[in-house]
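Colleague: After the sequence you'll find the predicted model.
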Amino acid sequence: MERTLRTLHIEGSRTDTELVRAVLSRSSMAEFVVEAVSTLGDGLRRLADDEDGFDVIVLDLHLPDAEGLTTFTRAAAAAGAVPIVVCTGSGDESLGITAVEHGAQDFVVKWSSDPESLGRTLLYAVQRSRQLAELQRHLVESTDAGDRLAATNAAIREFLAMVVHEIRTPITVISGYAGLLRDAPGTFTPAEQADSLSTILLQTERLRRLTDTLLTHEGLEAGAVQAQPEEVCVVEAIDTALAAAGPAAVDFKVSCDPGFTARVDPAHLQQALVNYATNALKYGAEPFTVAVIEEGGGDEGDRKIVIRVIDGGDGVPEEFVPRLFGRFARSDAARSRKGVHGTGLGLSIVAGLLHANAGDAWYEPGEPRGSRFCLRIPSGH
Ligand SMILES: Nc1ncnc2c1ncn2[C@@H]1O[C@H](COP(=O)(O)OP(=O)(O)O)[C@@H](O)[C@H]1O
Ligand SMILES: [Mg+2]
């Protein structure tokens with residue numbers, strides 16, 4: 001067995017510490033070198049002064065100095081790229097599921113697992129997080145044109161790693177809640193039951209959006225996306241897109257002359273606006289605005305509609321701007337936000353769709369701060 005996995009076990013109960021040590025020492029998945037601490041404080045200190053780095057963290061969510069989801073969020077902030085597998089008591093599975101929604105790699109229930117399944121869970125957690133790290137490295141390296149084939153292979157692997165990661169979290173959450181609702185319906189109040197079902201629907205919706213994104217991406221890559229331009233009322237298109245971007249989008253103020261029309265494929269404009277708006281809500285902050293102007297001289301054919309989706313958040317770091325509309329591009333800040341999910345395909349799709357519609361897409365820093373994501377399309381009439 002070649003794999004040695006340095007494991008930090010943060011666990012309040014001595015019995016459980018010994019149990020996990022014993023279970024992992026019998027695992028054939030890898031050689032686990034386990035270091036155990038009994039409080040979150042000790043765990044955070046260990047993470048801060050560990051130079052070689054742990055491969056994986058096993059985190060009990062009930063500790064003497066921290067309780068519940070907070071335990072995870074505090075550990076995650078100190079863990080950086082080290083994957084965290086949380087453990088909960090039986091009867092407490094929904095907490096484990098919530099932690100996965102917030103970015104934990106996985107959860108285990110104490111101690112329903114045999115040595116192989118605990119070992120496997122940890123090994124897979126490590127492998128997935130390494131694939132993602134490699135993916136990020138390839139992104140930077142694969143711009144070297146001299147190494148086309150390697151870059152293509154790397155791009156395919158990157159893509160698969162990203163897809164697996166994006167699909168796995170919703171599946172874990174959906175199957176977790178569905179299992180609980182079936183097996184232990186009595187433990188839920190009616191309100192909790194409704195909440196769990198809403199979460200299931202939300203995660204299903206996330207999977208649906210993901211498959212839509214992948215299909216559009218694939219279509220654009222294959223050159224198969226053709227625009228069917230129509231005369232579109234701009235303010236109506238914006239209102240529809242904001243409604244589709246979710247309930248939080250009511251915070252957007254729209255400034256648009258109701259007479260503006262554009263000549264564009266309505267579905268493509270929708271998708272571009274939804275991507276911009278959901279990004280503003282995910283990565284930006286108030287105030288949220290959509291501002292529309294018409295540009296161009298006296299010649300009717302040259303008139304253009306410019307739509308800016310503006311937020312007052314941190315904006316995009318200057319060094320990241322050149323890659324912003326490239327595929328798989330996500331800033332370090334976006335990646336390290338636990339619980340904020342993404343493929344890094346949204347903006348490359350926006351750019352591809354705008355190109356197919358004789359338009360263009362670009363970024364401008366906000367004034368005095370924040371982001372302005374812009375697009376330009378031909379005017380109607
Ligand atoms: N409004 C915004 N404010 C700050 N950063 C943003 C904003 N919109 C997008 N970004 C950055 O651009 C990246 C790429 O966005 P996108 O292609 O939509 O991918 P995803 O949303 O899947 O991360 C994001 O990960 C984030 O780093
Ligand atoms: Mg996005």
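Modeller: Perfect, I can see it now. Numbering: from 1, shown residues only. Ligands and ions are numbered 1, 2, ... in the order given.
Colleague: for the protein, what spans make up the strands?
Modeller: 4-10, 31-37, 56-60, 62-63, 66-67, 84-88, 106-109, 230-233, 252-255, 261-264, 288-295, 304-311, 360-365, 371-378 (DSSP state E).
Colleague: so who does the closest residue to E231 other than its chain neighbours touch?
Modeller: Nearest non-adjacent residue to E231, counting by CB to CB, 6 or more residues apart in numbering: G380, 4.5 Å away. Using the backbone N, CA and C atoms, a C-beta is placed for each residue, glycine as well. By CB atoms under 8 Å, 6 or more residues apart in numbering, the residues touching G380 are E231, V232, F260, T261, A262, R263.
Colleague: Turn the residues you listed into a markdown table, including distance to S94.
Modeller: Converted to a markdown table, the contacts of G380 look like this (distance: CB to CB, whole Å):
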| residue | distance to S94 |
| --- | --- |
| E231 | 50 |
| V232 | 44 |
| F260 | 48 |
| T261 | 49 |
| A262 | 46 |
| R263 | 50 |
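Colleague: Just the buried ones among those residues, please.
Modeller: The neighbour count (16 or more other CB atoms under 10 Å) marks V232, F260, T261, A262, R263 as buried among these.
Colleague: Out of the strands of the chain, name the one with the poorest average pLDDT.
Modeller: Note on those: strand 106-109 shows the lowest mean pLDDT, a mean of 88.
Colleague: buried residues in it?
Modeller: D106, F107, V108.
Colleague: Name every sheet partner of that strand and say whether each one runs parallel or antiparallel.
Modeller: Paired with strand 106-109 in the same sheet, following DSSP bridges, are strand 84-88 (parallel).
Colleague: coming back round to it: closest to ligand 1 among the buried residues of strand 106-109?
Modeller: Using CB to the nearest ligand atom, D106 is the member of those that sits closest to ligand 1, with 21.7 Å.
Colleague: who are the neighbours in contact with the closest one?
Modeller: D106 touches V85, V86, V100, T121, Y124, A125, T172, counting by CB under 8 Å, 6+ apart.
Colleague: residue contacts, I200?
Modeller: Counted by CB under 8 Å, 6+ apart, I200 has contacts V173, I174, Y177, A178.
Colleague: mind listing which of the contacts of D106 are in helices?
Modeller: Among the contacts of D106, the members found in helices (DSSP state H) are V100, T121, Y124, A125, T172.
Colleague: Next, format those residues as JSON lines and append distance to ligand 1.
Modeller: JSON lines is the format used below for these (distance: CB to the nearest ligand atom, whole Å):
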{"residue": "V100", "distance to ligand 1": "19"}
{"residue": "T121", "distance to ligand 1": "26"}
{"residue": "Y124", "distance to ligand 1": "23"}
{"residue": "A125", "distance to ligand 1": "22"}
{"residue": "T172", "distance to ligand 1": "19"}
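Colleague: Name only those of the contacts of D106 that count as buried.
Modeller: Buried, going by 16+ other CB under 10 Å: V85, V86, V100, T121, Y124, A125, T172, out of the contacts of D106.
Colleague: Next, give me the two most distant ones among these.
Modeller: Using CB to CB, the buried ones among the contacts of D106 span at most 14.7 Å, a distance reached by V86 and Y124.
Colleague: Quick check: residues of the chain near ligand 1?
Modeller: Within the chain, the residues that sit near ligand 1 (CB under 6 Å from any ligand atom) are 275, 279-280, 283-284, 311, 313, 315-316, 324, 329-331, 334, 342-347, 371.
Colleague: How about the residue of the stretch 251-381 of the chain found nearest ligand 2, nearest residue that isn't a chain neighbour?
Modeller: Closest contact between the stretch 251-381 of the chain and ligand 2, by CB to the ion, is at G346 (2.9 Å). Closest residue in space to G346, ignoring its immediate chain neighbours: N275 at 4.3 Å, by CB to CB, 6+ apart.
Colleague: which ones are touching that neighbour?
Modeller: Residues near N275 by CB under 8 Å, 6+ apart: G346, L347, I349, V350.
Colleague: Around E319, how many other residues sit close by?
Modeller: By other CB atoms under 10 Å, 8 other residues sit near E319.
Colleague: how much space is there between the residue lying closest to Y124 once chain neighbours are set aside and G41?
Modeller: Nearest residue to Y124 in three dimensions, chain neighbours excluded: D106, at 7.5 Å (CB to CB, 6+ apart). Here the criterion is CB to CB, to the nearest Å. By it, D106 lies 24 Å from G41.
Colleague: Kindly provide the distance from the closest residue to V234 other than its chain neighbours to E294.
Modeller: The spatial neighbour of V234 that comes closest, neighbours along the chain excluded (CB to CB, 6+ apart), is F260 at 4.2 Å. Taking CB to CB as the criterion, F260 is separated from E294 by 6 Å.
Colleague: who touches both of the two?
Modeller: By CB under 8 Å, 6+ apart, the residues touching both F260 and E294 are I305, S379.
Colleague: need the contact list for the nearest residue to A358 once chain neighbours are set aside.
Modeller: Leaving out its chain neighbours, the residue that sits closest to A358 by CB to CB, 6+ apart is P378, at 5.8 Å. Shown in contact with P378 (CB under 8 Å, 6+ apart): P229, A262, R263, V264, R303, K304, I305, N357, A358, G359.
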